[in-house]
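J.: Coordinates for the following, if possible.
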Amino acid sequence: MSGDPEADPRWKRAVDMLAVIGPPLTIATALLVYFGWARTDAQAKAMGLDVSLFGFTVQDFVLRSIPSLFIPLVWLLIVAAVWLSVDRFLAGRLNAGRGAGIRRLAAVILFAGLACAAAMWLVVILQPARTVLFVPYIMAGGVLLAAWGLSLWRRSAEAPARSLATLSRGSEKTLIFCLVTLLLFWGTSDYAQALGRGLALSYEQRSALLPTAVVYSKDRLGISAPNVTERSSGTAEHPVYQYSGLRLLVVSGGRIFLLNEGWTLRSGKVVVLRDDPGMRVEYGNPESK
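T.: The predicted structure is shown next:
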């Protein structure tokens, strides 16, 4: 029947498209959330906090993951573009009958890639408790370099065997893809955490650039952070307590996160207040102090 949606070819094409796009989109979203969480978790731990205190949503983690992925993705695209250009150039020379030279070059690339990956893996084994930035990326590059060298050597062979190699080549590509994907995931996770720790450290230099915050509360808050002053005003029946010397960090999850003036990783404190109706916070331009 024409009214049956399953019989409509347009409906079938839409379902097929969703089946193709859905799983990669789900995986990409999960990766964005994880990288955003890794960056925020490292930043929170460096500041002496737990990431759960911020109450960030999935959307917050996705937005915070963008700085962690932008630079790695740009470099990945640049390297891919250079590799395609070089591979096409070598393919042209191969078609011109220079297979012997390409075969020697392929052997050099193959062993160089294996040596690079093995050296980076040795670094990881010798320093298991230390995060060496970009080592997973270099290891992934070594694996891809070795795979490319092997591919060039096969293409430069005069009579490549194609009888029973189809299944093994497919399995080989699948294993290489999985290995490189895991290494890129590992490297991006390390980069996101390093970025989070760097952001926490940067607050020591740019805490004065954060918005100023003055807290007014009808109840005494007892904030004991360095450089925070308390003044009492109002009447005896209706006192008002004013706290100055604070800087706004972030407002999230129904909480206000404040830093004291001159905040440092070693001696600074993060003041966490509930966004309560009995409390008022005035924010100002940092240059207006």
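
J.: Just give me the longest strand of this protein.
T.: Longest among the strand segments of the chain by residue count, using DSSP state E, is strand 239-252.

J.: Helix or strand next in line after that one, which one?
T.: Proceeding N to C from strand 239-252, the next assigned helix or strand is strand 255-260, under DSSP states H and E.

J.: So which elements touch that next one?
T.: Applying 3 or more Cβ pairs under 8 Å, 6 or more residues apart in numbering; DSSP states H and E, we find strand 255-260 packed against strand 212-217, strand 239-252, strand 270-274. Just so you know, the C-beta spots here come from the backbone N, C-alpha and C atoms, and that holds for glycine as well.

J.: Name the residues of it that come out as buried.
T.: Neighbour-count burial for strand 255-260 flags 256-260 (criterion: 16 or more other Cβ atoms under 10 Å).

J.: any idea of the mean pLDDT in the longest strand of the chain?
T.: Mean pLDDT, strand 239-252: 90.

J.: Equivalent analysis for stretch 102-120, please.
T.: Per-residue scores along stretch 102-120 average to 88.

J.: How about stretch 140-156?
T.: So the average pLDDT for stretch 140-156 ends up being 87.

J.: Would you mark the buried spots in it?
T.: Buried-residue list, stretch 140-156, by 16+ other Cβ under 10 Å: 140-153, 155-156.

J.: ditto for stretch 115-129
T.: Neighbour-count burial for stretch 115-129 flags 116-117, 120 (criterion: 16+ other Cβ under 10 Å).

J.: Now secondary structure and distance to residue 43 too, for those, in a markdown table please.
T.: Converted to a markdown table, the buried residues of stretch 115-129 look like this (DSSP: H, G, I helix; E, B strand; the rest coil; distance: Cβ to Cβ, whole Å):
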| residue | secondary structure | distance to residue 43 |
| --- | --- | --- |
| 116 | helix | 32 |
| 117 | helix | 31 |
| 120 | helix | 27 |
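
J.: Just the closest of the residues you listed to residue 104, please.
T.: Comparing those against residue 104 with Cβ to Cβ picks out residue 116 as the nearest, at 18.8 Å.
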